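Trainee: What follows is a protein structure lacking sequence information:
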């Protein structure tokens, strides 16, 4: 009976030791996963910030592009007016 109890005690001790070691490994893994999760969250925040900044820059570029386009159209109209006026003067000199 003593041998049986001793054998059972050794098995229980061995099993408890295995459970303890497994628990320690799980704690270690939890810490690793927590740091990875934190890093991924920081990356997501940085990516969202970059996207927001890019969108703001695109809006500014669009405004500037529109302004430049309007300025070019204005210059084109003015150039057309100068050409038209010049042509009229040339025509008047040829007639007169």
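Mentor: That came through, no problem. This structure is a prediction, so every number in the text was calculated from the model and none was measured. Numbering: from 1, shown residues only.
Trainee: Just list the residues touching residue 34, thanks.
Mentor: Under the criterion of C-beta atoms under 8 Å, 6 or more residues apart in numbering, residue 34 has no neighbours. Every residue, glycine included, has its C-beta placed from N, CA and C.
Trainee: Sketch out the helices for the protein, chain order is fine.
Mentor: Taking DSSP state H as the test, the helices found in the chain are 2-95.
Trainee: Name the residue closest to the centre of the protein, please.
Mentor: Taking C-alpha atoms, centre = their mean, the centroid of the chain lies closest to residue 47, which sits 2.7 Å from it.
Trainee: how far away is it from residue 53?
Mentor: 11 Å (C-beta to C-beta, to the nearest Å).
Trainee: just residue 74 next, same as before
Mentor: For residue 74 relative to residue 53 (C-beta to C-beta), the value is 32 Å.
Trainee: per-residue confidence for residue 96?
Mentor: pLDDT for residue 96: 62.
Trainee: And residue 81, by the same measure?
Mentor: If you check residue 81, the pLDDT there is 92.
Trainee: Count the residues that sit near it.
Mentor: 10 (other C-beta atoms under 10 Å).
Trainee: what's the answer for the one 3 residues further on, then?
Mentor: A count of nearby residues for residue 84, using other C-beta under 10 Å, gives 10.
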